[in-house]
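Participant: here's a sequence, model it:
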Amino acid sequence: MNTFSTLLVAAGLLVLCGSLIPLTKTSHYETGQRLGWRFVYALNWAFILGYLYFLAYLWGGSANLIDLVLAIILFGGGVFVYLVSQMSVASLECIQKSASAYEKQSLHDVLTGLPNRKQLFYVLAGTLAARGRDDDVFSVMVMDLNGFKDINDTLGHHAGDKALQMVAPRLQQQLRSSDTLCRMGGDEFAVVLPKTGSDQALLVAQKMLKALEPSFKIEEKELVMGISIGIACCPEHSADVDALIQFADIAMYQAKRNKTGVEIYVAANDSHSVQKLSAPHRLQKIITNEQLELRYQPINDHNEISGMEVFVCWPKIDGEDMTPGYCMSLVEYMGLGEKVNHFILKKALAQYSQWQARFDFKLHLNLMVESALSREFFLLFEQELKLYEIKPSSVTLEIPEPALRKSLTIIGDALKNLAALGVSLSIKNFGGHGAALLLIRDNPLKELKLDALFSKDLETDISNQAIIQAAQAFCNRLGIFMVVEGIDTEAAVATLKGMGIHRYQGNAYCPALKIDEVRLFLENLN
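Facilitator: Coordinates of the predicted model:
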């Protein structure tokens with residue numbers, strides 16, 4: 001009995017000593033309970049001393065039944081402590097791996113494996129903090145692929161994803177191990193170049209341009225993609241992280257606009273130019289954060305509201321008004337048209353769903369036309385109409401004449417699909433850009449909106465009066481409605497009514513309104 005008890009305690013002691021190894025590992029993990037684990041480690045040593053004391057007791061005498069029971073308990077206790085310590089370390093290692101994987105995922109782009117926008121700002125902050133001496137410099141590049149939107153639109157998003165995965169390694173191969181290439185989102189990349197001035201950064205940019213010259217083979221097609229690069233340097237241009245990104249972004253848009261491939265940021269002497277250059281960055285931020293505002297303008301028909309036109313009120317950039325045409329071309333150029341269209345649909349249809357139970361007028365939508373041609377947009381449109389329980393016949397899509405003329409063959413099929421759904425179609429600004437009668441003949445239109453150009457000095461301009469009357473007769477023969485835009489004075493209203501025309505839009509009836517003002521306007525109608 002004595003020998004058996006001694007062997008049990010000795011075995012328990014060895015197992016207990018074995019638990020010291022996993023317990024030692026626990027001190028390497030940032031668990032927030034390090035002090036607790038150290039206490040467990042010290043307690044384990046106390047157990048070992050207790051085991052040694054009992055082992056010495058058994059060695060020097062004879063064991064009875066109670067000693068045997070204690071030996072069994074101590075053996076079991078040693079095994080228990082060993083198993084718990086091993087399982088604890090395994091759990092901590094699993095937690096550590098999960099935390100590392102989550103951290104990597106939150107700081108890296110899933111598609112390309114590159115650091116993402118969040119990691120970019122961490123790297124920039126670290127580079128800025130490590131500058132050390134005042135003469136240390138570093139550069140930031142912002143890059144945007146040329147032709148990427150065409151690949152997405154033509155071959156689909158899966159081809160676009162493949163293109164990004166092929167571009168990233170080519171760019172990475174042109175950099176040093178100390179440089180950081182990040183994907184900011186979409187087809188936009190950024191690079192941080194420590195201890196690199198503008199001249200050296202320019203050389204790196206030229207290497208990147210050359211690296212993308214060979215074609216890419218995607219879905220058995222040879223595709224060519226260029227890149228536009230903007231460069232900003234610290235401290236030459238700024239020592240602020242956000243400003244450096246913005247300045248590099250501005251330089252990149254300069255390179256894209258000038259078709260030079262790469263540009264180094266140069267602060268313009270004219271503040272107006274600086275505001276103009278910063279417009280893309282600011283506009284992108286406003287659209288991404290859904291900070292656009294909508295405006296509503298009623299359409300008058302025999303002194304009753306027949307429709308409510310909805311359009312985007314484009315924001316001021318640094319206090320400067322940007323023309324709608326400039327903003328819309330910029331939005332399409334940056335590939336943000338789909339986001340703007342989704343915003344307009346969601347907001348306008350949600351609001352109209354509240355009005356349609358009380359008022360009988362159509363909703364007239366002004367969208368980014370070039371981004372409203374895809375199958376995806378058609379399905380989104382159909383989905384949103386069903387979501388808000390709005391009949392397609394209650395909605396009119398207004399297409400500016402210049403956009404329709406620009407892509408007549410492409411737009412035609414998309415318009416026919418919308419018309420088949422039941423959506424009414426209207427040409428906006430007709431006649432102001434050299435009217436083409438083919439636009440009316442070849443498209444399923446329900447309405448023509450005559451450009452405000454013909455409303456100027458309407459009460460005295462006989463030529464404009466004749467054009468409006470002829471256009472009305474033309475629309476009557478075709479069976480489509482006509483709306484005269486830009487009727488801003490009571491004299492113009494009287495002249496229009498004197499010609500037997502009662503369908504118009506302009507400040508004389510109601511100016512463009514914010515949503516709160518629309519509610520008040522409709523209440524007054526009641």
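
Participant: shaky segments in the stretch 251-400 of the chain?
Facilitator: Counting by pLDDT under 70, the stretch 251-400 of the chain contains low-confidence residues at 267-278, 317-323, 325-326.

Participant: do a quick rundown of the helices in it.
Facilitator: Using DSSP state H, counting those that start in this stretch, the helices of the stretch 251-400 of the chain run over 271-288, 324-333, 337-355, 375-387.

Participant: where in the stretch 1-150 of the chain is pLDDT low?
Facilitator: In the stretch 1-150 of the chain (pLDDT under 70), the answer is 1, 26-34, 98-105, 131-135.

Participant: all helices for it, in order.
Facilitator: Going by DSSP H, counting those that start in this stretch, the stretch 1-150 of the chain shows helices at 2-18, 20-25, 34-60, 65-107, 117-129, 148-155.

Participant: make TSV out of the ones you listed and add mean neighbour count and distance to S463.
Facilitator: (C-beta placed from N, C-alpha, C; glycine too.) Formatted as TSV, the helices of the stretch 1-150 of the chain follow (neighbours: other CB atoms under 10 Å; distance: least, CB to CB, whole Å):
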stretch	mean neighbour count	distance to S463
helix 2-18	18	103
helix 20-25	16	91
helix 34-60	14	88
helix 65-107	15	65
helix 117-129	16	56
helix 148-155	17	43
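
Participant: how about the helices of the stretch 251-400 of the chain, which one is nearest A63?
Facilitator: helix 271-288 (78.2 Å; CB to CB).

Participant: ok so, going back, so which of the helices of the stretch 1-150 of the chain gets nearest D187?
Facilitator: Closest approach to D187 among the helices of the stretch 1-150 of the chain (CB to CB): helix 148-155, 3.9 Å.

Participant: from the chain's centroid, how far away is that closest one?
Facilitator: 17 Å (CA atoms, centre = their mean, to the nearest Å).

Participant: ok, then the element right after it?
Facilitator: helix 157-172 (DSSP states H and E).

Participant: how's the protein carved up into domains?
Facilitator: Listed domain ranges for the chain are 2-107, 117-267, 284-525 (source: automatic domain parsing).

Participant: and the end-to-end length of the last one?
Facilitator: From the first residue to the last, domain 284-525 extends over 38 Å; the measure is CA to CA, to the nearest Å.

Participant: and it, how far out from the chain's middle?
Facilitator: Distance, centroid of domain 284-525 to centroid of chain: 27 Å (CA atoms, centre = their mean).

Participant: got it, and the second one?
Facilitator: Average the C-alpha atoms of domain 117-267, do the same for its chain, and the two points are 18 Å apart (CA atoms, centre = their mean).

Participant: ok, the shortest one next?
Facilitator: Using CA atoms, centre = their mean, the mean C-alpha position of domain 2-107 is found 53 Å from that of the whole chain.

Participant: contacts for stretch 239-249?
Facilitator: If you take CB atoms under 8 Å, 6 or more residues apart in numbering as the criterion, stretch 239-249 is touched by 121, 124-125, 128, 140-142, 190, 230-234, 237-238, 265, 278, 280-281.

Participant: in that stretch, which residues are buried?
Facilitator: 241, 244-249 (16 or more other CB atoms under 10 Å).

Participant: quick one: which two of the residues you listed are the most distant?
Facilitator: V241 and D249 (12.8 Å).

Participant: my read is that A201 contacts M141, right?
Facilitator: Yes. A201 is in contact with M141 according to CB atoms under 8 Å; the separation is 6.6 Å.

Participant: quick check: neighbours shared by the two?
Facilitator: With CB under 8 Å, 6+ apart, A201 and M141 have common neighbours 193, 231.

Participant: ranges for the strands of the stretch 201-350 of the chain?
Facilitator: 216-218, 221-223, 226-234, 262-264, 293-301, 304-313 (DSSP state E, counting those that start in this stretch).

Participant: give the pairing partners of the second one; include direction for each.
Facilitator: I take that to be strand 221-223. Strand 221-223 pairs in its sheet with strand 216-218 (antiparallel), by DSSP bridges.

Participant: and the contacts of stretch 239-249, which of them are buried?
Facilitator: Neighbour counting with 16+ other CB under 10 Å marks 124, 128, 140-142, 190, 230-234, 237-238, 265, 278, 280-281 as buried within those.

Participant: check contacts around the closest residue to K256 other than its chain neighbours.
Facilitator: Excluding the flanking residues, the one nearest K256 by CB to CB, 6 or more residues apart in numbering is S228, at 4.0 Å. Residues in contact with S228 (CB under 8 Å, 6+ apart) are 143-144, 146, 252-253, 255-256, 261-262.

Participant: JSON lines for the residues you listed, including distance to G160 and neighbour count?
Facilitator: Output for the contacts of S228, formatted as JSON lines (distance: CB to CB, whole Å; neighbours: other CB atoms under 10 Å):
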{"residue": "M143", "distance to G160": "16", "neighbour count": "27"}
{"residue": "D144", "distance to G160": "14", "neighbour count": "22"}
{"residue": "N146", "distance to G160": "13", "neighbour count": "17"}
{"residue": "M252", "distance to G160": "19", "neighbour count": "27"}
{"residue": "Y253", "distance to G160": "21", "neighbour count": "22"}
{"residue": "A255", "distance to G160": "21", "neighbour count": "25"}
{"residue": "K256", "distance to G160": "18", "neighbour count": "21"}
{"residue": "G261", "distance to G160": "22", "neighbour count": "18"}
{"residue": "V262", "distance to G160": "23", "neighbour count": "22"}
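
Participant: still on that earlier bit, for S177, find the nearest of the helices of the stretch 1-150 of the chain.
Facilitator: helix 117-129 (13.5 Å).

Participant: would you mind getting the angle between the closest one and helix 65-107?
Facilitator: Counting by axes from the mean of the first three to the mean of the last three CA atoms, to 10 degrees, helix 117-129 lies at 90 degrees to helix 65-107.

Participant: counting contacts, what elements does helix 117-129 pack onto?
Facilitator: helix 65-107, strand 138-146, strand 180-185, strand 188-194, helix 241-258 (3 or more CB pairs under 8 Å, 6 or more residues apart in numbering; DSSP states H and E).

Participant: C-alpha coordinates for the third one, PDB please?
Facilitator: Taking only C-alpha atoms (Å, rounded to 0.1, in the frame of the first residue of the first chain), the coordinates of strand 180-185 have been written out as PDB:
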ATOM      1  CA  THR A 180       3.000  50.900 -48.300                       C
ATOM      2  CA  LEU A 181       0.400  50.300 -51.100                       C
ATOM      3  CA  CYS A 182      -3.200  50.600 -50.000                       C
ATOM      4  CA  ARG A 183      -6.600  50.100 -51.700                       C
ATOM      5  CA  MET A 184      -8.800  53.000 -50.700                       C
ATOM      6  CA  GLY A 185     -11.900  51.600 -52.300                       C
END
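
Participant: show the average pLDDT along that strand.
Facilitator: Strand 180-185 shows a mean pLDDT of 92.

Participant: that one pairs with which strands, and in what direction?
Facilitator: Using DSSP bridges, strand 180-185 pairs in its sheet with strand 188-194 (antiparallel).

Participant: okay, the angle between the partner strand and helix 148-155?
Facilitator: 140 degrees.

Participant: keeping just the C-alphas, turn strand 188-194 into CSV.
Facilitator: What follows is strand 188-194, C-alpha atoms only, in CSV (Å, rounded to 0.1, in the frame of the first residue of the first chain):
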residue,chain,number,x,y,z
GLU,A,188,-8.6,54.0,-56.1
PHE,A,189,-5.2,53.2,-54.6
ALA,A,190,-2.8,55.1,-52.4
VAL,A,191,1.0,54.8,-51.6
VAL,A,192,3.0,56.1,-48.7
LEU,A,193,6.7,56.6,-49.6
PRO,A,194,8.8,57.3,-46.4
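
Participant: I'd like the average pLDDT over that strand.
Facilitator: 94.

Participant: any residues touching that strand, and which ones?
Facilitator: With contacts defined as CB under 8 Å, 6+ apart, strand 188-194 is touched by 114, 117, 120, 123-124, 127, 130, 138-144, 167-168, 171, 175, 178-184, 200-201, 204, 245, 248.

Participant: try it again at 6 Å.
Facilitator: By CB atoms under 6 Å, 6 or more residues apart in numbering, the residues outside strand 188-194 that reach it are 120, 123-124, 127, 138-144, 178-184, 201.
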